[in-house]
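In: Sequence below, structure please.
(chains A, B and C)
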Amino acid sequence: MSTSVIKLGPHQLALEEPMYFRVEVDGEIVVGLDVLAGYVHRGMEHLVMKRNFYQNITLLERLCSLCSNSHPSTFCTAVEEVAGIRIPARAEYLRAIADEIKRISSHLFNCAIIAHIIGQTALFKTVMEIREIMQDTKESIYGNRMDLAANCIGGVRYDLTPESAAYLGKQMERMKGPLDELYRTYATDQAIRTRTEGLGILSKPDAVNYAVVGPVARASGIVYDVRKKNPYGAYDRLRFEVATEQGGDVRARAMVRLREAREAVSLIEQCLADMPPGAIYADTLPEIPAGETIAKSEAPRGELIYYLKTDGTDMPVRLKWRVPSYMNWDALQVMLKGHSVADIPLIVNSIDPCISCTDR
Amino acid sequence: MEALPENDPIPPVRLYRINAGSCNGCDVELATTASVARFDVERWGCRYSESPADADIVLITGPLTVRVRDKVLRLYGEVSEPKVTVAVGVCPISGGVFRDSYAVVGPIDRYLPVDINVPGCPPHPRALGAGIAKAATLWRERCGYTQPSPELASPGNYDGDAVAPTGLRGKMRFNAAACVGCRMCEHVCAGGAIRFDETDTGLHFTLWHNSCAFCGLCSHYCPTKALSVTDEWQMSHLQEDKYRLVEQGVVSFVPCTDCGSILLPVAPELLRVAYRETSREIERLKTLCPECRQKQSIGGIRR
Amino acid sequence: MMEFKKKVSEMISLWIGEEVAVEWRIDIKGVMTGWCRLQEGTLILPAAEAVACLEGRLSMITAYLSEQAKLKGVREISFHFDLNGTTLTLSIELPLEGARIPSLTHIFRNADWNEREFMELYDIQVVGHPDPRRLFLDKSIDPAAFERLIPYSTFSNGANSKALWEKVMAQNNHTGKEIP
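Out: A predicted model of the protein is given here:
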């Protein structure tokens, strides 16, 4: 066997962000992979030690715009845990709403990219237009289409008036038909199935071995969702099914995301129905004592974990987090092996990779 | 360059995007300007190009990380002259929230000439469109095209297009009369966009919009709401105006009515927060410095 | 729950050959976290074997260097494992100079990137790592970046901010009106 090495960058990989691959190929077939990371490394874990807790809320929201709400909300949960703050019930629901809104937008963006790579330009544009309903929703409620600025230590800093709650309800109603239709299209369209079925398989044992999380794990039959395993905020009171698939291929991952997007609509509706009135944040300027804690959440790409260590000052001694994409890169070794170079972009995008999250 | 014949059709202006280590917010929003009808750059006579060699305008996002620098500069160099360079989002303009990290070497204008800045975090697609339209106009000027640019000929020009997005978190506004000088805004600002300078005459507030993450946290923690979020989203500007994009105000010192030493005036907003209603007694006390206030209230009673 | 806690401490004790105490905390949602400090750095290897026997997953590794630990002449690493929704954190102390720990890559595949990452940020050597190259840091950045930079240095002393603000203040006067 004589192999050669090719180098692929963001343009060849159809990525929005700079990540480079060194791919070992035998002819057109992938036999090995080396992921070259760090192009979006901004030294954020160092920056957070130089900024106070308040500044870190906004800084962490700029870690990645696709899962931007997950970071400040999980960070605030950690700070609240150390400080022994119990956030108001209404704030728990408002945090869940923000997280689920972001989940829908994030999943739809990935779903659009998959269509784009397959060459289904019309479908790509359709998905992007459906996503615009979510973008308008974010803009109207939070004032920005990507970064919601929803969190503060002790709760949230946005509220829903009866009018804005009704608007959000109406927007969710508008999402149902298109999301159901998209699910049908991705499940049944022959051209999509031909390109995605059996492609980039990650078996369940491999998924366990590579420690993957989120939709990538669930598409390989691992029934694990932090919202269920490790409930936080309002999730101990919300009803939902953990979307899982057995195929472990590109198709299964897309199906999991589309079901989760639809499930998120129902979660938002439950929040709107169950949310009690009352305060949206506890004590505005709490003392943060010395301590250490773990906070976890289910970000759009899976389990997000934060470790916080404090010493009684207003800056963290250490704030470390691991994003869901972190393990998925390595799992690409398995997914890509034996497939043709032409299929690399599709398989890579099926893990919904987040480079700014990975590199920090 | 020589002016081209007037009835030549204007070729589309080709855009090329470079990610210099961004959070992907600006990039995902730029993607909507290629895929969502209402934001499509085609209306400005532009289209995206996959190759730097076939581009006229370079759009750069991200704070420029040390690791991506050489790749960014190489791609930038491959874009042929004349070109117009647009810094998209506050990161390439000032480093934004990532400034002063060991891994960040921007602002981008330390390495290449920037023509237009589009602040925002991320900027709204309409703001991106406005910046791109300005860049296209500039590029056509540089190439010597004399026909009006498409965006100027079309009814909705880029400054007042349709309705401004409602409830947008845009530029911050400062009301000096309501400021109590607690500096909480400066303390919570992740972008280091706010500073206070104390002089003999008062406390001078400056907010540089090109370093602002538009998160509104300053307003959230401001006890008197001296800082408020406006829905002004149109902020794209020429590079020469980069450092002038500020919000300023002065809280002038006033003399204590008793001893004459200078003090920060008590904002009516603070009195509303503290007392709900004011009385003549409170109004009188607020003109005194802390020492005289103490003397007159506590000390007075004792005597 | 008692059963589970007992099983965890017994398994770790069995593997490392001495009694260990795990401190358990339960939050308001009933989510449990376990915290345990091992007596020696090298014990992380058998402890990790124990976690693998419990079908645990390596979630994250946090290396850190607090001022408090520095006074004691040590640095710390915390290993966070997931036991089906319960997070178990095993912490170890290592010397400030010449810190070495065994690689966990043969037990947990995903230890690979975690170890590469803390090796470039801190002065810690991982023995037996299959591929100890840099992961995120550019080659131009000094090794053990977080240790070199923690006293403010040229990169993180705000020099860039200072230069930018000088330009802002030079072009705008103090009265809030733009200089013509």
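
In: CA only for contacts and neighbour counts going forward, please
Out: Noted.

In: Check which residues of stretch A:338-358 are buried.
Out: A:338-339, A:341, A:343-358 (16 or more other C-alpha atoms under 10 Å in any protein chain shown).

In: Does the residue most central in space within chain C fall in a helix, a strand, or a coil region?
Out: Central residue of chain C (C-alpha atoms, centre = their mean): residue C:62, 1.3 Å from the mean position. Assigned with DSSP: H, G, I helix; E, B strand; the rest coil, residue C:62 falls in the strand class.

In: cool, residue B:185 as well?
Out: Residue B:185 ends up helix, using three-state DSSP.

In: Report the contact partners of it.
Out: B:194, B:217-219, B:221-222 (C-alpha atoms under 8 Å, 6 or more residues apart in numbering or on different chains).

In: Name all residues that make contact with residue 94.
Out: I'll assume chain A. Neighbours of residue A:94 in contact, by C-alpha under 8 Å, 6+ apart: A:156, A:158-159, A:271.

In: try again with chain B
Out: B:63, B:106-108, B:210-211, C:164 are the contacts of residue B:94 under C-alpha under 8 Å, 6+ apart.

In: For those residues, pick the one with the most neighbours.
Out: The residue in those with the most neighbours, by other C-alpha atoms under 10 Å in any protein chain shown, is residue B:63 (32 neighbours).

In: Run through the residues of chain B sitting next to chain A.
Out: Within reach of chain A by C-alpha under 8 Å from any C-alpha of the partner chain, chain B has these residues: B:19-25, B:27-28, B:32, B:35-36, B:50, B:65-68, B:97-98, B:101-104, B:121-122, B:124, B:165-169, B:187-190, B:213, B:215-217, B:220.

In: Now, of those residues, which are buried?
Out: B:19-25, B:27-28, B:32, B:35-36, B:65-68, B:97-98, B:101-104, B:121-122, B:124, B:165, B:167-169, B:187-190, B:213, B:215-217, B:220.

In: burial measure for residue C:25, as a count.
Out: Applying other C-alpha under 10 Å, we find 12 residues neighbouring residue C:25.

In: So which residues make contact with the helix or strand encompassing residue B:281?
Out: According to DSSP states H and E, residue B:281 maps onto helix B:280-285. Helix B:280-285 is contacted by residues residue B:293 when judged by C-alpha under 8 Å, 6+ apart.

In: For that helix, buried residues please.
Out: Those would be residue B:285, for helix B:280-285 by 16+ other C-alpha under 10 Å.

In: hey, C-alpha coordinates of that helix in CSV?
Out: Listed next in CSV are the C-alpha coordinates belonging to helix B:280-285 (Å, rounded to 0.1, in the frame of the first residue of the first chain):
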residue,chain,number,x,y,z
ARG,B,280,-37.1,70.0,50.8
GLU,B,281,-34.8,68.5,53.4
ILE,B,282,-33.4,65.9,51.0
GLU,B,283,-33.1,68.5,48.3
ARG,B,284,-31.0,70.6,50.7
LEU,B,285,-28.9,67.8,51.9
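
In: what about that helix, average pLDDT?
Out: Helix B:280-285 comes out with an average pLDDT of 81.

In: Past that helix, which element shows up next along the chain?
Out: helix B:290-294.

In: For that next one, list every residue counted as buried.
Out: B:292-293.

In: do the same with stretch A:306-319
Out: Those would be A:306-311, A:314-319, for stretch A:306-319 by 16+ other C-alpha under 10 Å.

In: Are that stretch and chain B in contact anywhere?
Out: No - Stretch A:306-319 does not reach chain B (C-alpha under 8 Å from any C-alpha); its nearest approach is 10.7 Å.

In: right, is that stretch up against chain C?
Out: Yes - shown here: stretch A:306-319 in contact with chain C (C-alpha under 8 Å from any C-alpha) through A:307, A:317-318.

In: Nearest to residue A:328 among these?
Out: residue A:307 (20.5 Å; C-alpha to C-alpha).

In: hang on, isn't that closest one packed against residue A:317?
Out: No - the criterion here is C-alpha atoms under 8 Å, and residue A:307 misses it with residue A:317 at 10.7 Å.

In: could the contacts of residue B:185 be laid out in a markdown table, adding pLDDT and secondary structure?
Out: Putting the contacts of residue B:185 into a markdown table (pLDDT from 0 to 100; DSSP: H, G, I helix; E, B strand; the rest coil) gives the following:
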| residue | pLDDT | secondary structure |
| --- | --- | --- |
| B:194 | 95 | strand |
| B:217 | 95 | helix |
| B:218 | 96 | helix |
| B:219 | 95 | helix |
| B:221 | 93 | helix |
| B:222 | 94 | coil |
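
In: wait, is residue A:242 part of a strand?
Out: No - per three-state DSSP, residue A:242 lies outside any strand segment and is coil.
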